[in-house]
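**Q** Prediction below, plus the sequence it came from.
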Amino acid sequence: MDRRDFLRAGVAGMALSTVGNYIAESANQRRRRVGLIGCGWYGKAAHFRLLQIEPVEVVSLCDVDSKMLAEAAGMVAERQASPASAGASSS
């Protein structure tokens, strides 16, 4: 191996290492779709903590208390463009 081959291999390795980082970073930025079951204080706190560390989209909300459900739906609507589907359940 001469000096030119060594330099070509080194440059190719550096280029591939930056492409790998770019692909890994773009995969991590993919928006996760989540549903929130239980929209009381703990559920909303966990959801908004998740919003701070991950790009998420709330696609569904569920709670037995329609007041808590409506409050959580309003909070989600303020933070994202498309509305989440919401359903109340009586057990």
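**A** Right, received. Where do you want to start?

**Q** burial count for M1?
**A** Applying other C-beta atoms under 10 Å, we find 7 residues neighbouring M1. To be clear about C-beta, it is placed using only N, CA and C from the backbone, and glycine gets the same treatment.

**Q** care to break this protein down by domain?
**A** Split into domains by automatic domain parsing, the chain comes to 1-30, 31-91.

**Q** so E78, which of the three states?
**A** When classified by DSSP: H, G, I helix; E, B strand; the rest coil, E78 comes out as helix.

**Q** By mean pLDDT, show me the worst of the domains of the chain.
**A** Of all the domains of the chain, mean pLDDT reaches its minimum on domain 1-30 (a mean of 65).

**Q** would E71 count as being in a helix?
**A** Yes: assessed by three-state DSSP, E71 belongs to a helix.

**Q** and the residue lying closest to it once chain neighbours are set aside, how far is that from A9?
**A** Spatial nearest neighbour of E71, excluding adjacent residues (C-beta to C-beta, 6 or more residues apart in numbering): C39 at 7.1 Å. Separation of C39 from A9 (C-beta to C-beta, to the nearest Å): 57 Å.

**Q** quick one: the helices in the protein?
**A** Counting by DSSP state H, the chain has helices at residues 3-28, 41-53, 66-79.

**Q** same for the lengthiest strand in the chain, what does it pack against?
**A** Across the chain, the strand with the greatest residue count (assigned by DSSP state E) is strand 56-63. If you count contacts as 3 or more C-beta pairs under 8 Å, 6 or more residues apart in numbering; DSSP states H and E, strand 56-63 packs onto strand 32-37, helix 41-53, helix 66-79, strand 85-88.

**Q** I'd like the ones you listed written out as CSV, with distance to D5 and mean neighbour count added.
**A** CSV is the format used below for these (distance: least, C-beta to C-beta, whole Å; neighbours: other C-beta atoms under 10 Å):
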stretch, distance to D5, mean neighbour count
strand 32-37, 45, 13
helix 41-53, 45, 12
helix 66-79, 54, 15
strand 85-88, 59, 14
